[in-house]
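[1] got a structure for you, letters missing:
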């Protein structure tokens, strides 16, 4: 049977190793791998280039209403479009339940919109803020649908689960085989720090760093681990910004606790000093947890190198400058929308920071941006591998240097916190479900071409 597409002479790289071979695609899946494959309707000469599984970004906020009522600047179409240009071929956003809403209804709504808008394959998490009434039965129902994970918050008044509610959600998720992603910051420390800063009239962006302190993150992570250990759940610590949390993770793992640790590109590249300036200049860099110091970045990189961090996700939380500055230059840190865009730059930043001139091998790179995220979401080896039968979601990598400018990106945010950053790699060609969708002079992306990939 003939092949639809052959990628010739590439350096095929996945988490297990690098092999120089041809790769053949048929009916949207990887059909053959080996030297000198037969002809096909279309061919790509990838001699000397890395060919790897497309990225899986399992932490993105698209088409989502925040607890303050802000709608993300990117919907499922613009966010997934941006991700593909950056080499991400599977996106896993959130169906966000706000208090009083039905888990079933918010998941149905998110899946409907994703079906209409996503340009690549997608999974779905569900954020739970209210576990009363029929919520337990609804969680069982959406778990049967193949939802990838549950997410909870330990801080933020409109989002956090109080008392034993977090334990109830974790126990239920465990029964359904779902990991629990946690925004892990100690609410008491964050709230005390915030209120103290406001009382003293310190309303600038640097006060966000003070209130969302390293101690708050460490204590939140310790609480999340303890909750998971109590009920036997798998806990996924989102957006880890300090190495001290990874020390907690290692200790918990030694006791048999199943802990997944994620960090993000901004914690490997951007400095907290960017927040120590007037709000109109600092607002583009506001996120939670906040940016940390050079010492923190170096220690996180060492944790990545040692294999102690499972994956790198973008935590793409796209808000425009107007949303970040609702009151203009006089906006308080308590009123500014929190979050950074970055879905398109996740692969190029990690490659440039940790692979091109750094300690990580290409196999580590693939493990962090594709294989492990796919495993966490229960969609491996269909995603995140070059196995025969896997979906033909592939990236041919270009090792040329380039400079980041928002006008070259494809999101709907209007700025990038990485403006002017010099990078040393980006996708040359992106293939989704066997179709060349992005390449030189090629852009075949369209809303609705993606499909839901259920957790196995």
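    Thanks, I have it. Remember, it's a predicted structure, so these values are computed and weren't measured experimentally.

[2] which helix is the longest one in the protein?
    In the chain, assigned by DSSP state H, the helix with the most residues is helix 214-231.

[3] which other residues reach that helix?
    Outside helix 214-231, the residues within contact range by C-beta atoms under 8 Å, 6 or more residues apart in numbering are 154-155, 166-167, 170-171, 174, 180, 182-187, 189-190, 193, 233-235, 237, 240-242, 244-245, 248-249, 252, 255, 257-259, 289, 292. Backbone N, C-alpha and C define where each C-beta goes, glycine included.

[4] so how far is it from its chain's centroid?
    Here helix 214-231 is found 21 Å from its chain centre; the criterion is C-alpha atoms, centre = their mean, to the nearest Å.

[5] go on, stretch 249-258?
    In terms of C-alpha atoms, centre = their mean, the centre of stretch 249-258 is found 23 Å from the chain centre.

[6] Buried ones in the longest helix of the chain, by neighbour count?
    214, 216-225, 227-229, 231 (16 or more other C-beta atoms under 10 Å).

[7] Between these, which sits nearest residue 161?
    Of all the buried residues of helix 214-231, residue 161 sits closest to residue 227, with 9.7 Å by C-beta to C-beta.

[8] any idea how far the closest one lies from residue 166?
    When C-beta to C-beta, to the nearest Å is applied, the distance between residue 227 and residue 166 equals 6 Å.

[9] which residues in the stretch 1-150 of the chain form helices?
    In the stretch 1-150 of the chain, the segments counted as helices under DSSP state H, counting those that start in this stretch are 76-85, 103-117, 135-145.

[10] quick one: which of those is nearest residue 305?
    With C-beta to C-beta as the measure, helix 76-85 is the member of these nearest residue 305 (25.7 Å).

[11] helices or strands next to that closest one in the packing?
    With contacts defined as 3 or more C-beta pairs under 8 Å, 6 or more residues apart in numbering; DSSP states H and E, the packing partners of helix 76-85 are strand 88-91, helix 103-117, strand 426-432, strand 435-439.

[12] Deepest-packed of those, please.
    Ranked by mean neighbour count, the helices and strands packed on helix 76-85 are led by strand 88-91 with a mean of 31 (mean count of other C-beta atoms under 10 Å).

[13] Partner strands of it, with direction?
    The sheet places strand 88-91 alongside strand 55-57 (parallel), strand 121-122 (parallel), with pairing taken from DSSP bridges.

[14] for stretch 385-393, which positions count as buried?
    Within stretch 385-393, the residues that qualify as buried by neighbour count (16+ other C-beta under 10 Å) are 385-387, 390-393.

[15] Identify, from the buried residues of helix 214-231, the entry nearest to residue 331.
    After measuring the buried residues of helix 214-231 against residue 331 - C-beta to C-beta - the closest member comes out as residue 216, at 22.0 Å.

[16] Quick check: pLDDT value at that closest one.
    Looking at residue 216, its pLDDT is 98.

[17] What is the neighbour count of the residue lying closest to it once chain neighbours are set aside?
    Computed as C-beta to C-beta, 6 or more residues apart in numbering, the closest residue to residue 216 that is not its neighbour in sequence is residue 189, at 4.0 Å. Applying other C-beta atoms under 10 Å, we find 20 residues neighbouring residue 189.

[18] Same check on residue 444?
    Neighbours of residue 444 under the rule other C-beta under 10 Å: 14.

[19] Report the separation between the closest residue to it other than its chain neighbours and residue 234.
    Counting by C-beta to C-beta, 6+ apart, the nearest residue to residue 444 once its immediate chain neighbours are dropped is residue 437, at 4.7 Å. Using C-beta to C-beta, one obtains 33 Å as the distance from residue 437 to residue 234.

[20] Quick check, residue 43 in contact with residue 6.
    Yes. Under the criterion of C-beta atoms under 8 Å, residue 43 lies in contact with residue 6, with a separation of 4.9 Å.

[21] Which of the two has more residues huddled nearby?
    The residue with more neighbours, out of residue 43 and residue 6 and counting by other C-beta under 10 Å, is residue 6; that gives 22 against 15.

[22] For that one, give me its contacts.
    Going by C-beta under 8 Å, 6+ apart, residue 6 touches 22-25, 37-40, 42-44.

[23] Recalculate using a threshold of 6 Å.
    With contact taken as C-beta atoms under 6 Å, 6 or more residues apart in numbering, residue 6 is in contact with 22, 24, 37, 40, 43.

[24] same question, residue 431
    Applying C-beta under 6 Å, 6+ apart, we find residue 431 in contact with 392, 394.

[25] same check, this time on residue 383
    Residues counted as contacts of residue 383 (C-beta under 6 Å, 6+ apart) are 56, 90, 374.

[26] The last one - how many residues pack around it?
    The burial metric for residue 374, expressed as a neighbour count using other C-beta under 10 Å, is 28.

[27] hang on, it is in a helix, isn't it?
    Yes. Checked against DSSP: H, G, I helix; E, B strand; the rest coil, residue 374 lies within a helix.
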